[in-house]
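**Q** I'd like to go over a predicted model; first the sequence, then the structure.
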Amino acid sequence: MPLLKVDGVTSGYGDMEVLRDVSLAVEAGEIVSIIGPNGAGKSTVMKVVFGQLRPWQGKVELDGRDISRLPPYEIVTLGMCYVPQVANIFTDLTVEENLELGAFALAGREVAERKARIYELFPRLKERARQEAGKMSGGERQMLAMGSALMLDPRLLLLDEPSAGLAPKMVDVIFERIIRVNQTGVAILMVEQNARESLKMAHRGYVMANGQNRVEGPGPALADDPDVARLYLGG
Amino acid sequence: MADLDPTGATGAATDATSPPLRERVRAALQSRTALVVIILAVLALLWWSAVARDVSAERLLSLTVWGVMLGGVIALGAIGLTLVYGVLKFPNFSHGAMVTLGAYLAFAFMAVLPQGPALRPFSFGWEFLAALVLAMPLVGVVALGLDRVVYRRLRRQNASLVLFAMASLAMAFFLRSLIYLIWGPDFYFYYDARANPVLDLPLNIRVQADQLFIVVLAFAIVGLVHLLLTRTRMGKAMRATANNPDLAQIRGINTERVIAWTWIMGGALAAAGGVMYGLSSQLRPEMGFWLLLPMFAAVIMGGVGNPRGALVGALIIGVTQQVATAFLNPAYGPAVAFALMVLTLLVRPQGLFGARGG
Amino acid sequence: MDPATLVKAILLAPTLTILVFALVRIPWRARVPLGLVLGVGGAFGAAATLDAGLLSYLVSFSIMAGIYAVLCLGLNVQWGYTGHLNFGIAGFFALGAFTTALVTTSAPTGTLAQYSQQAFGLELPFLVGIAAGAVVAGVVAFLIAIPVLRLRMDFLAIATIGIAEIIRLVFQNERWLANGPQPLRGVPRPLYCTVQEPTCAWLPAPVAAWLAPLAPRDYIFIYLGIVTLILALVYLALERAVRSPWGRVLRATRDEETSTAMSGKNVPRVRIQSFVLGAAVMGLGGALYAHYTVTIDYSHFNPLFATFIVWVMLMLGGSGNNRGAILGAFIIWGVWSGTAFLTEALEPGLRAISETLPDRSAYLRWLLVALLLAAIVLYRPQGLLKEETIVSRHLLRRRGAAATTPGATATVGGAPPAATAPEAAGRDPGGG
């Protein structure tokens, strides 16, 4: 049984259909990357998976349990956390408070221990612990966003465009951290504009277009697929 | 709801090339420093015009001290208002009515509590404090009830800001008519004809002990709110929800619970403000409406969602209103508050302590 | 039918006819005869069958409803068509009322001047007075608009409450201006001489003889005609305005401010124009009110009677729809008047709860109206009549020819969240 299963989901905003019959799965411990052109519905998939948008049809299952009717604050307690593309930190709060709120569902001693682990992964955050999060650079924000999402020790992490708007050097750093997080056993489902890079590090990939998933396959193979390359990788 | 973010107003000036001079001048004019300078200039102008009209320095000093007291009353109301505004993102026009409700509920409690002797040097006895403590949570529960019946439904419908504002206006009139219906249009006092001795402080300042009590209580409550927001889980969750409600949910915060506690706190603080206002003057059904403009002015001046800012704004508004009475009909108090509010909105809509401007 | 009843019926007929014209939406070929039949028939029927007291009650009811309808139309320009959240209608209402009072009355002299003060009294005719009321309200709105209209919608609401409150405070405290907290009396009633003895000098003898059966207390029949006429003129003028290119820019500004600005329209100017126009219409409503009640003071222009209830009317009738605004005014004024009977009926019950409660039963009416607004907001925020999506007659004609144009109807209020914008922006596979 896959860790996460999206089964024939159709959804959208208001009357506007954005996703049509989308299905995908993530196995425990793997990196899965969704690529596709702008407007293909990639971010919308994330929103449906995380309960911010209800599916009109189909369902989302985590560990075989239907979570498509659960609010986001309950989903996090089931072992899945989410880093949105924008507005993914509390800008008015300090770095430390951001991390603590990441573990809002927990209490007491555990929080301190988890915080130490995140600081180990992102030493930069420790230096800035007392600083207002809104005053940090783009790369630091992304680290904090990922760090906060990892505070609950999830088995699956959803990343929406983790490299968007970052300097090229920072992109490499973030991708390297993603792999390190994955190596600790956390499965990752990510949406990326930086399609080639993200497919290379992914175990598997999905290609979306016009609200449907079209192609599916092992990440590196997709990156080399001439059709995918021509259509979506700007080759 | 990006348009509700106070940073949205001026946050777009991040061009790589250096901005033209006009833009830089404009940015400087919209800085916090500029707003502080303008507020100080207004205060100085007020004092100066009072002096120019031969108002004695002693009287001015007294007026200033009374202004701080009034500021304390406004602050109690404004802190609740700013919390609700920050977390729920709409101006709650029924906050004034909750202030009034708190004052009248305390009055009702005092009628049934046994009357003890006055706690000298104050004019009130234990029953007054008990009534205050009882009225606060009760108004909090009323606020929560209104949320359950009205505002929560609107949230579920993803209603626009306008409908929230409109609904709160409806609730303002609802509560007000309820107060009129139960207590009628007459004035009341917590203590009829009880001596309220005046303390003589140094520099010939004469204040009532009650007034000092109001200020101390206001500061104590603001301090408590600050601790609550920075030290407790619920407080941090409130700040997180005010900052970014969607992300708060994603981080595992049950925002509905946060909203419920915000209403309870907002209502309780409004009640405290009402009781203090009633103690310093008298109970009238319109008292909360009279405070509504000063409260909103304090909230906007301090930056929406910022309790510390609301306190500072309230003190500034209180002092300005009182000092202005040296040469202006006291009835124009709300007009003075209004002028300061418009000034703030023009110079720096995000207020003194609002999020960064650039 | 006695002569007085006959005259009343004839005076009522045009009013009812205009109402039918305004509210029934059928082709004019059918509307004119229907309006005439219903209007004239209704007027004679009502005059003949209803008791004189009830008839007078209905007429004074319609006058107030008509005045509120003018206020509602003013608010509709600001809110319905432009999206200005004006919570300070009372201010412009008061400005119109006090202006016309000062323009049309005479300044007190002699001993009277000790009891009643006013800045000036020009003794000018009614029409000049109401025009001045509209102009002053418009000018004040213009002065306010420059700093305030740039504000976010919620701040604008707070600021307009403040403006109305300050205007009220000025009329309450400035004795020299309009007799301070004391009422300003003797606002003249237009054409009042027609019901007086002797009648107006300029009135032709046959008309005078025809009006002779009317007593001074029947003056309201004349004033209803005046209010109806002005309401109809305002309605027609606004309908024309919102269907003009200017009106289209207004609505475009409300819905999509940025793109309207990018298409080269001067957005700030249009927003100010609509705020001023709306305020002027409210001032006109205030002026009509002053000439009806004869005596005005600051307390009339409180937030409940002068702001809140107008919002309830517009929200119920339907924002962005002028017919809805008028309909809402009549319905809510009917509800408000009806609650008076309700509280009367409830009196024994109220007395059972508390001996003094019936004295305060008026507040029960406020309570009901507040609950009504809450109910509208919760259950029918779009109002009874929805905004009409097509407003250009030109377009209407074309559309009739083309039968259906799918996708042309804009949804109002139900717009998808902003998050969809980037997703929906470019659907074509980029690159290549």
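**A** Good, I have the coordinates. Residues are numbered from 1 along each chain as shown, chains lettered A, B, ... in the order given.
**Q** look up the closest residue to A:Arg65, ignoring the ones flanking it.
**A** Nearest non-adjacent residue to A:Arg65, counting by CB to CB, 6 or more residues apart in numbering or on different chains: A:Leu78, 7.4 Å away. (Glycine included, C-beta is placed from N, CA and C.)
**Q** show the contacting residues for the one you found.
**A** A:Leu62, A:Asp63, A:Arg65, A:Ile67, A:Leu70 (CB atoms under 8 Å, 6 or more residues apart in numbering or on different chains).
**Q** thought the last one was touching A:Gly51?
**A** Read it as A:Leu70. Yes. A:Leu70 is within contact range of A:Gly51, at 5.3 Å (criterion: CB atoms under 8 Å).
**Q** most neighbours among the contacts of A:Leu78, which one?
**A** When neighbours are counted by other CB atoms under 10 Å in any protein chain shown, A:Leu62 leads the contacts of A:Leu78 with 21 neighbours.
**Q** so how far is the helix-or-strand element of chain A with minimal mean pLDDT from its chain's centroid?
**A** When the helices and strands of chain A are scored by mean pLDDT, DSSP states H and E, helix A:226-232 comes last with a mean of 72. How far helix A:226-232 lies from its chain's middle: 24 Å, per CA atoms, centre = their mean, to the nearest Å.
**Q** what does stretch B:101-117 give?
**A** That offset, for stretch B:101-117, works out to 23 Å (CA atoms, centre = their mean).
**Q** for stretch C:26-34, same thing?
**A** With CA atoms, centre = their mean, you get 26 Å for stretch C:26-34.
**Q** which residues sit against it?
**A** Under CB under 8 Å, 6+ apart, the answer for stretch C:26-34 is C:Val20, C:Phe21, C:Val24.
**Q** how near is the residue nearest to A:Arg65 to A:Gly185?
**A** The gap separating A:Leu78 from A:Gly185 is 16 Å, by CB to CB, to the nearest Å.
**Q** if we can go back for a sec, what is the nearest of the contacts of stretch C:26-34 to chain B?
**A** C:Val24 (29.9 Å; CB to the nearest CB).
**Q** quick one: mean pLDDT over the longest helix seen in chain A.
**A** Longest helix in chain A, counting residues (DSSP state H): helix A:168-183. Helix A:168-183 carries an average pLDDT of 90.
**Q** next one: that helix to chain centre, how far?
**A** The answer for helix A:168-183 is 13 Å, by CA atoms, centre = their mean.
**Q** mind giving me the packing neighbours of it?
**A** strand A:31-35, helix A:109-121, helix A:138-150, strand A:187-191, helix A:195-201 (3 or more CB pairs under 8 Å, 6 or more residues apart in numbering or on different chains; DSSP states H and E).
**Q** again, 7 Å this time
**A** Judged by 3 or more CB pairs under 7 Å, 6 or more residues apart in numbering or on different chains; DSSP states H and E, helix A:168-183 is in contact with helix A:138-150, helix A:195-201.
**Q** what residues of that helix count as buried?
**A** Neighbour-count burial for helix A:168-183 flags A:Met170, A:Val171, A:Val173, A:Ile174, A:Phe175, A:Arg177, A:Ile178, A:Val181, A:Asn182 (criterion: 16 or more other CB atoms under 10 Å in any protein chain shown).
**Q** count of residues packed around the spatially closest residue to the first one that is not a sequence neighbour?
**A** Yep, that's A:Met170 we're talking about. Excluding the flanking residues, the one nearest A:Met170 by CB to CB, 6+ apart is A:Gly139, at 3.8 Å. A:Gly139: 18 surrounding residues under other CB under 10 Å.
**Q** alpha carbons of the longest helix of chain A, as PDB, please.
**A** This file holds the C-alpha atoms of helix A:168-183, laid out as PDB (Å, rounded to 0.1, in the frame of the first residue of the first chain):
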ATOM      1  CA  PRO A 168      21.200  29.500  -8.300                       C
ATOM      2  CA  LYS A 169      23.700  28.800  -5.600                       C
ATOM      3  CA  MET A 170      21.000  28.600  -3.000                       C
ATOM      4  CA  VAL A 171      19.000  26.300  -5.200                       C
ATOM      5  CA  ASP A 172      21.800  23.800  -5.100                       C
ATOM      6  CA  VAL A 173      21.900  24.100  -1.300                       C
ATOM      7  CA  ILE A 174      18.200  23.600  -0.900                       C
ATOM      8  CA  PHE A 175      18.200  20.500  -3.300                       C
ATOM      9  CA  GLU A 176      21.100  19.000  -1.300                       C
ATOM     10  CA  ARG A 177      19.100  19.500   1.900                       C
ATOM     11  CA  ILE A 178      16.100  17.900   0.400                       C
ATOM     12  CA  ILE A 179      18.100  14.800  -0.400                       C
ATOM     13  CA  ARG A 180      19.500  14.800   3.100                       C
ATOM     14  CA  VAL A 181      16.100  15.000   4.600                       C
ATOM     15  CA  ASN A 182      15.000  12.100   2.300                       C
ATOM     16  CA  GLN A 183      17.900  10.000   3.500                       C
END
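**Q** I am finished for the moment; much appreciated.
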